[in-house]
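J.: Structure for the following, please:
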Amino acid sequence: MSPAKINELFDTLRAACARQFGFNPRQLTAGMRYVGPEGHGRDVVHVFRDAGTHSQITLKNTFASLRATAGEKPHWSEAEQARYRQTDAEIEAAIEARRVELDFIRHSALYQDHREQLLSHYKAWPGYRAGEPNPREAARTLIVALADARDPRLAAFAEQLHTQDPDELAHLLLAPCHLELEESRLAANLAAG
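T.: Numbering: from 1, shown residues only. Next up, the predicted model:
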């Protein structure tokens, strides 16, 4: 399907979801991805999926439907729908809060002390070490080891981010790695270009 047709479908989706569910068109633009058509003939619907939660919306003509489940997993909780109804001011506040959080993580003693170790698990990093666990597993293993050792840097990190969950802490600790990988890729493109 052509990009122009997909853009038309997104325009229709934004209008339908704003009218039917009170969703913010900006949130739909940021969160939804076009999956493709389903069905045949007059029963064709166009499917869109949230990039993070994988919740789906189907669009038939100018009518949108939220798919309550995808396989066994329920979707479109009240919290997720509320996120799509956020105002532009709420979206901006959330973006700023995430930027502040990311800045804290990137400059934290915990991240700085383990930065090279964390980055070495990414294939796109120049210091990549083959045969190691994936970044998520490596970060979780690091968090568990530091928790067992009662590391004060981890304690301060967890307190600031309001979580003790090893998986969530690992996810947060890896966030700056993605920025550094993108910066490294851009620098390489500039040098080559």
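
J.: which residues sit in contact with residue 176?
T.: 102, 105-106, 111, 115 (C-beta atoms under 8 Å, 6 or more residues apart in numbering). Where you see a C-beta, it was placed from the backbone N, CA and C, and this is true even at glycine.

J.: Rebuild these as CSV, extending it with pLDDT and secondary structure.
T.: Formatted as CSV, the contacts of residue 176 follow (pLDDT from 0 to 100; DSSP: H, G, I helix; E, B strand; the rest coil):
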residue, pLDDT, secondary structure
102, 94, helix
105, 96, helix
106, 95, helix
111, 96, helix
115, 94, helix
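
J.: Name the nearest of the residues you listed relative to residue 48.
T.: If you rank the contacts of residue 176 by distance to residue 48 using C-beta to C-beta, residue 102 comes first, at 27.3 Å.

J.: Outline the domain layout of this protein.
T.: Listed domain ranges for the chain are 3-84, 88-192 (source: automatic domain parsing).

J.: Any quick ChimeraX command for the buried ones out of the contacts of residue 176?
T.: Of the contacts of residue 176, the buried ones go into a single ChimeraX selection, burial set by 16 or more other C-beta atoms under 10 Å:
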select :105,111
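
J.: and of the contacts of residue 176, the nearest to residue 5?
T.: Nearest member of the contacts of residue 176 to residue 5, counting by C-beta to C-beta, is residue 102, at 35.7 Å.

J.: From residue 16, how far off is the closest one?
T.: 33 Å (C-beta to C-beta, to the nearest Å).

J.: quick one, strands of the chain?
T.: In the chain, the strands defined using DSSP state E lie at 32-38, 45-50, 56-60, 63-66, 69-70, 73-74.

J.: how about these in TSV, adding mean neighbour count and mean pLDDT?
T.: Putting the strands of the chain into TSV (neighbours: other C-beta atoms under 10 Å; pLDDT from 0 to 100) gives the following:
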stretch	mean neighbour count	mean pLDDT
strand 32-38	15	95
strand 45-50	19	95
strand 56-60	20	95
strand 63-66	16	95
strand 69-70	12	65
strand 73-74	10	73
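
J.: Let me have these in TSV, adding distance to residue 151 as columns.
T.: TSV is the format used below for the strands of the chain (distance: least, C-beta to C-beta, whole Å):
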stretch	distance to residue 151
strand 32-38	39
strand 45-50	35
strand 56-60	41
strand 63-66	43
strand 69-70	39
strand 73-74	35
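
J.: and residue 129, which of those strands is closest to it?
T.: So among those, strand 32-38 is nearest, using C-beta to C-beta, at 32.6 Å.

J.: how close does residue 117 get to residue 133?
T.: Applying C-beta to C-beta to residue 117 and residue 133 gives a distance of 12 Å.

J.: of these two, who's got more company?
T.: residue 117 (14 against 11; other C-beta atoms under 10 Å).

J.: Distance of the more buried one relative to residue 15?
T.: Residue 117 is 48 Å from residue 15, by C-beta to C-beta.
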